[in-house]
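Visitor: Next one to model:
(4 chains)
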There are 4 protein chains.
Amino acid sequence: MTLKIGLLGCGRIGQVHARSIKALEGARVVAVADALPEAARALAQSCAAEVRDVDAILAATDIDAVVIGTPTDSHFDQIMAAAKAGKAIFCEKPVDMSVANIRACRDVVMRAGVPFLTGFNRRFDPNFASMRARIRDGAIGAVELVTITSRDPAPPPVSYIERSGGLFRDMMIHDFDMARFLVGEDFVRLHAVGSALVDPAIGAAGDVDTAAVILTTASGKICQISNSRRAAYGYDQRIEVHGAQGMLRAENQLESTVELATDQGFRRDPAQHFFLERYEAAYLAEMRAFLQAVTTGSAADPGIEDGLQAQILADAASLSRETGQPVDLAKG
Amino acid sequence: MTLKIGLLGCGRIGQVHARSIKALEGARVVAVADALPEAARALAQSCAAEVRDVDAILAATDIDAVVIGTPTDSHFDQIMAAAKAGKAIFCEKPVDMSVANIRACRDVVMRAGVPFLTGFNRRFDPNFASMRARIRDGAIGAVELVTITSRDPAPPPVSYIERSGGLFRDMMIHDFDMARFLVGEDFVRLHAVGSALVDPAIGAAGDVDTAAVILTTASGKICQISNSRRAAYGYDQRIEVHGAQGMLRAENQLESTVELATDQGFRRDPAQHFFLERYEAAYLAEMRAFLQAVTTGSAADPGIEDGLQAQILADAASLSRETGQPVDLAKG
Amino acid sequence: MTLKIGLLGCGRIGQVHARSIKALEGARVVAVADALPEAARALAQSCAAEVRDVDAILAATDIDAVVIGTPTDSHFDQIMAAAKAGKAIFCEKPVDMSVANIRACRDVVMRAGVPFLTGFNRRFDPNFASMRARIRDGAIGAVELVTITSRDPAPPPVSYIERSGGLFRDMMIHDFDMARFLVGEDFVRLHAVGSALVDPAIGAAGDVDTAAVILTTASGKICQISNSRRAAYGYDQRIEVHGAQGMLRAENQLESTVELATDQGFRRDPAQHFFLERYEAAYLAEMRAFLQAVTTGSAADPGIEDGLQAQILADAASLSRETGQPVDLAKG
Amino acid sequence: MTLKIGLLGCGRIGQVHARSIKALEGARVVAVADALPEAARALAQSCAAEVRDVDAILAATDIDAVVIGTPTDSHFDQIMAAAKAGKAIFCEKPVDMSVANIRACRDVVMRAGVPFLTGFNRRFDPNFASMRARIRDGAIGAVELVTITSRDPAPPPVSYIERSGGLFRDMMIHDFDMARFLVGEDFVRLHAVGSALVDPAIGAAGDVDTAAVILTTASGKICQISNSRRAAYGYDQRIEVHGAQGMLRAENQLESTVELATDQGFRRDPAQHFFLERYEAAYLAEMRAFLQAVTTGSAADPGIEDGLQAQILADAASLSRETGQPVDLAKG
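Guide: As a prediction, the model looks like this:
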């Protein structure tokens, strides 16, 4: 039986998900919607799907699941409607800018009992997934200290930053989720610092482009996260987990395996620059996991609770950076 | 306009090519053929293509190009028929076991003026292609010494070896083509040695499983190739090119970027084991190049001449290994 | 002219310095002192030096410089006496446990105008020294984010920790100095966290064995430091400096360059385990720098001010960890 | 008891050995000799030794061992005299340009029963020594294929090449010895090729500057060696040993552990350029082994037989390169 999917949002990320669905067995895109008719038409054609409007998709009886890749401020209504219509939901991160809204969504989703996957694609990166599997298998003993480094090749336009919620909510949120994924314990306290070193306009807009956060758990595990909005050498995505019996680290994926040796030394290629290329395998695996959860009825992971917890951490980091004080994290 | 393709041979490699065609724009598989009806049916279904027999495909007026992935001893007849029918030809290596046959095919293909691509997939590996581009761009100056290392994870069954023409013709032939690709000059002399160290049954069958070859060009450039039918740590595919101003080397693609550090040291993953995984990007790029050559009328590269020259080197290496003497290579 | 040196303290580090002096031109150890007569005798013999008591060395007219490698609580009196006697001073870190005492020493040393080098050996490590030189040469543009990782192979005895001043003062003090060395700006704020994860007895003694610190400068540069008292894979000493135009990082020195590839993957050796081996070249370069400063009359670097500033950071980190609050750093 | 050593030859390599002896316990240089009085005086002073002439050293009763670092054409007479005088002998490679002469020396040395170490310093490199130890411990199972890469940063003056015996005898001889060291079986056949690609004057002098050799053993093990007289990226010294259960490889020692990442990619330092720096640890370990052999009466390793066998291989390679034919190697 083929799962019938409605795709909300036909931009860059919607196209990625459409491509993943096409490459996988057991599902197909039946209808797509986008505020830009042209975008919807183009994606519909390449999927052999129909163009409908969002409400029609949410109300459709021939659609089992929705993939939400619309702008963040549309998520809340779409999630609410989809959950009430009993559809399985794949929603891009962030679920919503407001923790209160995410809690409301969570409650409705749970009552509706529909599968919900939050699009933290990095959990599905084969490298990071392998790290977590090895941690669980005891390869390094108890986790003690996690170091996450994320740097974008270049900053987004200031206009984007102004509506994105800022670095902690649009960029570091991935790292907060990764920290939770790898540490396996709740964080109880967080301290964040940040500066606008890359572009003063980012600072003028009230945000930072270079930041570091320390998180601690009740048992004393520590996580360091650092972000920068620039990295000359590519999209820098590294993780290191130090444990009682060893260390795991994931290095960047470079553009090739070729090394050039000259009188200047030994030079390897830059890291893959583009996030869609870097996480290509992750996006495919993420969609596979969603389809599997829907098909088998198992819980989708990361779920809406994970979306909520990451947002709580992002809010706390924003607050800590503004006040200069650590923030105690309450559960829930 | 969509290029209509007939696929001859629905085994492992035929399936790879079918997948590539599906992923690319501008072409589709119209018909498939295989000696095993079940294999043909399965691939036809996944391509939305028809099952026909080989002769029907070769005679069909609705087919522009054939992709030949049948057993080697079928190639000759299929190439001859396809060329005479004016179809573009993508043929898996080796083109034929007999140099004389390849010469005959070459002459017919050239007279027919049809595009012909020999399936030396490694030329399309992004790493090796990048090496060649950099060599051409002068990154290391004049090429002086090339070292090619190819090791399979494990030997094939002896039954395969008996009909494959032996290590030099079925395995090292890729490296001979790579040597030609990177050195950019004809080789004039070759010396080969080989042993059966992996499996005595391979020796009993008259073949070797561990071998090394030295090739030289008229201007004095040197190429070293070594092969082994086993490699505990994965499918080992490395190349190093030493030039007047530096060195290029391509390392293996590992299963992940994760490193585990323990009291035993720092451990990275094995090399990707399976050739279809290792060369996945290469197979796709190879098909793209074929489609482009056919569409634009430009010469397919590597062409049938490259298939011929590699076979000449493989024959010479087999002879050298048997006689213990170097072999002088004549042109053509 | 040969510089005549008196060596105070004949333990492990005193022996290292004696060996360095022997290997360098232009200086020799004339006299040694140690609370343990046997230790003094042994080192005196290997240096062809005399055994004297500390006061005799400090008062001697045939001695130009003292190298202080005695227990920390002896430093203050020895520095004071040496400075007043007009001798050049090489003093192991920490200069003193009390910031007030270091200030007092600094004032006396400055009034006396004697050369003073604080033994922050890591500044002389060829790798880290090269990083700093490249930063100064503009290789990565303005420094933005520094990440320092230091992990000891195994914790010291709890008895040592009880009198060492704790992790921030005996271990991370090196990293504080390195942060100052690489960032090149004063830090204005610090936040530290720490846990006893390696050994509960360390926690019971009021200290931590796993810690992370964030430091910021007035211009917004950020430094992350993390320490652990254990590392299964050797003595882990890594630094990464991210700048506007790139990144520099120094990896560990491994026990050999050999890599073993098996079905488990590719394994390199552990990091060098012992700090004297890891920093062998640094200790020699450090002594060379001291001799050069004394001989040429140039300022020794790092000087007593550097010893003071690092201690101020260590005190602040200890306080921050205890209170859970960031600490604002005043100058001086 | 201190071993009393006479040093013949006070050039660069003689100075290295003098430094090693000074750094080790249990031996000292008593007398030195050199054709250049100034060189002898300078080294004598730094060793606190006397200047004598060669004959006086060879006849002296207060000297237990000689270290021969004179030009190769002096070795024969000095070895003969030293052996007859019952002195232990450390002789730089090559022992002599003539295999017949080395055989004569070997016979005299064996009859005299004096310790004799041939200065193949690379056997004592910690990396290569570790490889051999791991091979013996079975880390990779039976050795199957050895690949040795040696490249000098730049060619020597043609004047040197004219009296050095050529690339195979002055450069690749180290690799022949390394091949024997690692393979652990006699080679039975050799094929060599070579070209003058670096400097036509080298070709005009009858030598090559780029070469490759294949060696085989009776059991079918294969060794590939390649040499070049230039390497833009430093002194290139790599070895790879492929065995039934895995592979060992030793990478180059770079100038530092620092990596620079920019928009050009990730750049590490060149390989250490100077052979005395690259093999500093090896020279010290080599002298330690000699002193130990003399002191304990155990056989020095590599002995004069190893010097003989390497020379036989170098002669065979020169012959093979000139004739274009493989050479069968007879024992002894």
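
Visitor: ok, and the closest non-adjacent residue to the residue of the stretch 201-332 of chain A found nearest chain C?
Guide: Taking C-beta to the nearest C-beta, chain C has its nearest neighbour within the stretch 201-332 of chain A at A:Gly220, 2.9 Å off. C-beta: built from backbone N, CA, C; applies to glycine. The spatially closest residue to A:Gly220, leaving aside those adjacent along the chain, is C:Ser195, at 2.9 Å (C-beta to C-beta, 6 or more residues apart in numbering or on different chains).

Visitor: Surely that neighbour is in contact with A:Thr216?
Guide: Yes: between C:Ser195 and A:Thr216 a contact is recorded at 7.4 Å, counting by C-beta atoms under 8 Å.

Visitor: okay, and the common contacts of these two?
Guide: Common contacts of C:Ser195 and A:Thr216 (C-beta atoms under 8 Å, 6 or more residues apart in numbering or on different chains): A:Ile222.

Visitor: what residue is smack in the middle of chain A?
Guide: Here the mean C-alpha position of chain A is nearest to the C-alpha of A:Phe120 (C-alpha atoms, centre = their mean), at a distance of 2.9 Å.

Visitor: quick revisit: could you pull up the contacting residues of the residue nearest to A:Gly220?
Guide: Counted by C-beta under 8 Å, 6+ apart, C:Ser195 has contacts A:Glu144, A:Thr216, A:Ser219, A:Gly220, A:Lys221, A:Ile222, C:Gly203, C:Val208, C:Asp209, C:Thr210, C:Ala211.

Visitor: do the same with A:Leu58
Guide: A:Gly6, A:Val66, A:Gln78, A:Ala81, A:Ala82, A:Ala85, A:Lys87.

Visitor: what do you get for A:Val188?
Guide: With contact taken as C-beta under 8 Å, 6+ apart, A:Val188 is in contact with A:Thr216, A:Thr217, A:Ala218, A:Asp328, A:Leu329.

Visitor: What about the fourth one, how many residues nearby?
Guide: If I follow you right, that is A:Asp328. Using other C-beta atoms under 10 Å in any protein chain shown, A:Asp328 has 10 other residues around it.

Visitor: who's it bridged to?
Guide: When assigned by DSSP bridges, A:Asp328 has beta-bridge partners A:Arg189.

Visitor: do the same with the second one
Guide: Listed beta-bridge partners, A:Thr217: A:Phe187 (assigned using DSSP bridges).

Visitor: Surely A:Asp301 is within a strand?
Guide: No: secondary structure assignment places A:Asp301 outside any strand; it is coil (DSSP: H, G, I helix; E, B strand; the rest coil).

Visitor: Show the contacting residues for it.
Guide: A:Leu117, A:Arg123, A:Ala289, A:Ala293.

Visitor: Closest residue of the stretch 51-200 of chain A to chain C?
Guide: For the stretch 51-200 of chain A, C-beta to the nearest C-beta, closest residue to chain C: A:Ser195, 2.9 Å.

Visitor: how close does that residue sit to C:Ala142?
Guide: As judged by C-beta to C-beta, to the nearest Å, A:Ser195 and C:Ala142 stand 12 Å apart.

Visitor: need the residues of the stretch 101-250 of chain A near chain D, please.
Guide: Of all the residues in the stretch 101-250 of chain A, those in contact range of chain D (C-beta under 8 Å from any C-beta of the partner chain) are A:Ala232, A:Tyr233.

Visitor: now the helices for chain A?
Guide: Using DSSP state H, the helices found in chain A span residues A:12-23, A:37-47, A:54-59, A:72-84, A:99-112, A:126-136, A:158-164, A:167-170, A:172-183, A:200-204, A:275-278, A:280-296, A:304-323.

Visitor: With mean pLDDT and distance to B:Ser150 as added columns, please give these in CSV.
Guide: Conversion of these to CSV gives the following (pLDDT from 0 to 100; distance: least, C-beta to C-beta, whole Å):
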stretch, mean pLDDT, distance to B:Ser150
helix A:12-23, 95, 30
helix A:37-47, 95, 39
helix A:54-59, 96, 52
helix A:72-84, 97, 50
helix A:99-112, 97, 53
helix A:126-136, 98, 25
helix A:158-164, 88, 48
helix A:167-170, 96, 46
helix A:172-183, 98, 37
helix A:200-204, 96, 50
helix A:275-278, 91, 28
helix A:280-296, 96, 26
helix A:304-323, 97, 45
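
Visitor: Redo these as CSV? Include distance to D:Ala317.
Guide: Listed next are those as CSV, based on distance: least, C-beta to C-beta, whole Å:
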stretch, distance to D:Ala317
helix A:12-23, 55
helix A:37-47, 62
helix A:54-59, 76
helix A:72-84, 71
helix A:99-112, 74
helix A:126-136, 46
helix A:158-164, 66
helix A:167-170, 63
helix A:172-183, 55
helix A:200-204, 65
helix A:275-278, 48
helix A:280-296, 49
helix A:304-323, 65
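
Visitor: And these: which comes nearest D:Val99?
Guide: Distances from D:Val99 to each of the helices of chain A were compared using C-beta to C-beta; the minimum, 55.8 Å, belongs to helix A:126-136.

Visitor: domains in chain A, as residue ranges please.
Guide: What the record gives for chain A is the domain set A:3-114, A:123-275+A:310-328, from automatic domain parsing.

Visitor: neighbour-wise, which of the contacts of A:Asp301 leads?
Guide: Of all the contacts of A:Asp301, A:Leu117 has the most neighbours under the rule other C-beta under 10 Å, reaching 26 neighbours.

Visitor: residues in the stretch 201-332 of chain A within reach of chain C, list them.
Guide: If contact is defined as C-beta under 8 Å from any C-beta, the residues of the stretch 201-332 of chain A in contact with chain C are A:210-212, A:214, A:216, A:219-222, A:224, A:226, A:228, A:230-233, A:236, A:242, A:244-247, A:324-326.

Visitor: what residues are up against the residue of chain A most remote from its centre?
Guide: Of all residues in chain A, A:Asp263 sits farthest from the chain's C-alpha centroid, using C-alpha atoms, centre = their mean; the distance is 41.7 Å. Counting by C-beta under 8 Å, 6+ apart, A:Asp263 touches B:Gln245, B:Gly246, D:Ala232, D:Tyr233, D:Pro270.

Visitor: again, but for A:Leu254
Guide: Residues in contact with A:Leu254 (C-beta under 8 Å, 6+ apart) are A:Gly234, A:Arg268, A:Asp269, A:Pro270, A:Ala271, A:Gln272, D:Gly265, D:Phe266.

Visitor: residues touching the nearest residue to it once chain neighbours are set aside, list them.
Guide: The shortest distance from A:Leu254 to any residue other than its chain neighbours is 4.6 Å, reached at A:Asp269 (C-beta to C-beta, 6+ apart). Under the criterion of C-beta under 8 Å, 6+ apart, the neighbours of A:Asp269 are A:Leu254, A:Glu255, A:Ser256, A:Val258, D:Gly265, D:Phe266.

Visitor: Taking the contacts of A:Asp263, tell me the two that lie furthest apart.
Guide: Longest span within the contacts of A:Asp263, C-beta to C-beta: B:Gln245 and D:Pro270, 13.0 Å.

Visitor: The two - which one has more neighbours?
Guide: A count of neighbours by other C-beta under 10 Å puts D:Pro270 above the other of B:Gln245 and D:Pro270, at 23 against 15.

Visitor: any idea how far the more buried one is from D:His174?
Guide: The value you get for D:Pro270 to D:His174, if C-beta to C-beta is used, is 21 Å.
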